[in-house]
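Novice: Let me see the structure of the following:
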Amino acid sequence: MLPVRTAGPIPKAKILECVKALCNMSVDAPVKIGSVICPNICGTNVDLIASRDINKK
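Specialist: Numbers count the residues shown, from 1 in each chain. Sure, this is the predicted structure:
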C-alpha cells in the first residue's frame with residue numbers, strides 16, 4: 001500500500017469519483033516520494049503524488 005496526497009485541492013463534487021478511481025489503481029515498486037502517481041486525476045487538473053518511498057523487494 002502506498003500513501004498518497006494531492007498536489008492541490010480537489011473539488012468536493014469530484015471526491016467520490018477520485019476515491020473510486022483510487023480503489024482500482026495499482027503501482028509497481030520502486031516508487032520515490034514526490035513521484036506523480038496519477039496526473040490530472042479524474043479531470044480535476046490535480047496530480048496524485050506519492051508521499052513515501054517504496055523499494056522493490
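Novice: Now the closest residue to V4 other than its chain neighbours: phi and psi?
Specialist: If you skip the residues right next to it in sequence, V4 has L48 as its closest partner in space, 5.2 Å away by Cβ to Cβ, 6 or more residues apart in numbering. Yep, even glycine has a C-beta here, placed from its N, CA and C like the rest. With angles defined as degrees, to the nearest 10, L48 shows backbone torsions of phi -100, psi 130.
Novice: Wait, L48 touches I41, no?
Specialist: Yes: if you go by Cβ atoms under 8 Å, L48 and I41 touch, sitting 5.0 Å apart.
Novice: between those two, what contacts are shared?
Specialist: With contacts taken as Cβ atoms under 8 Å, 6 or more residues apart in numbering, L48 and I41 have T6 as neighbours in common.
Novice: neighbour count winner among those two?
Specialist: Neighbours around L48 and I41, counted as other Cβ atoms under 10 Å, are more numerous at L48. The numbers are 25 against 22.
Novice: From A29, how far off is the more buried one?
Specialist: From L48 across to A29, the span is 17 Å (Cβ to Cβ, to the nearest Å).
Novice: again with V4
Specialist: Distance of V4 to A29, given as Cβ to Cβ: 14 Å.
Novice: same deal with P9?
Specialist: Distance, P9 to A29, using Cβ to Cβ: 29 Å.
Novice: same deal with I54?
Specialist: Following Cβ to Cβ, the distance that separates I54 from A29 is 5 Å.
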